[in-house]
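> coordinates only, sequence not included:
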């Protein structure tokens, strides 16, 4: 298992072919620009996709080495892309998947790895670290941000439990889950809006929906609810 901050291994002799999958256009463009600037000659961004169906189409068309995959996507999420891919491209060599997500919740990390990803890094990663992570995943390494590697080791050692289904959590949409986690961690609405590339009004709408669905009345109760479920 490789730490995403370790930059000591050899780089690929040829460029790594990448498809970037994320439902935020501004974020996709930013990642693409960063990879093309920092990873010049080492990373070749072939295409972008915003949801599950677009991702499957882009992979089938371009046959990348690595898919940089957000966990929460319209149409079923990153795990759905990995689940449907063999049926979509049965004769093609499968790409390797590297999750790049705002979420560092244990169930997202472990669920994505169980779904078939070779690594998982958060969106706080730097450009050079991301280039290194993509290159390592293309070479067959498993790459995680340091804190997330601990989740995976603990989960597969059996020292933490990850519920297959949390009925309360399942009531929330993927976007509501993202908002919920950030609010529960103490983010202000303005900070959540900036982090998720949405408006403050949209954050307020999602937050109201989260409290209603979970039958909670305050941010304090939400934080305690999330902490009890090890979502922070």
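Perfect, thanks for sending it. Keep in mind that what you see is a predicted model, and the values were worked out from it rather than measured. Residues are numbered from 1 along each chain as shown.
> ok, which stretches of this protein are strands?
2-3, 16-21, 43-49, 66-69, 96-101, 119-122, 143-144 (DSSP state E).
> how about a markdown table for these, with distance to residue 79, mean neighbour count and mean pLDDT added?
Placement of C-beta: from N, CA and C, glycine included. Listed next are these as a markdown table, based on distance: least, CB to CB, whole Å; neighbours: other CB atoms under 10 Å; pLDDT from 0 to 100:
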| stretch | distance to residue 79 | mean neighbour count | mean pLDDT |
| --- | --- | --- | --- |
| strand 2-3 | 22 | 16 | 54 |
| strand 16-21 | 12 | 24 | 96 |
| strand 43-49 | 15 | 20 | 95 |
| strand 66-69 | 9 | 27 | 96 |
| strand 96-101 | 9 | 24 | 94 |
| strand 119-122 | 12 | 24 | 92 |
| strand 143-144 | 17 | 27 | 90 |
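> columns distance to residue 205 on top of these, output as JSON lines?
Shown next, in JSON lines, are the strands of the chain (distance: least, CB to CB, whole Å):
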{"stretch": "strand 2-3", "distance to residue 205": "38"}
{"stretch": "strand 16-21", "distance to residue 205": "25"}
{"stretch": "strand 43-49", "distance to residue 205": "26"}
{"stretch": "strand 66-69", "distance to residue 205": "27"}
{"stretch": "strand 96-101", "distance to residue 205": "22"}
{"stretch": "strand 119-122", "distance to residue 205": "25"}
{"stretch": "strand 143-144", "distance to residue 205": "33"}
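> of these, which approaches residue 227 most closely?
strand 119-122 (19.3 Å; CB to CB).
> re the thing from before, which one, of the strands of the chain, ends up nearest to residue 204?
Nearest to residue 204 among those is strand 96-101; the distance by CB to CB comes to 23.1 Å.
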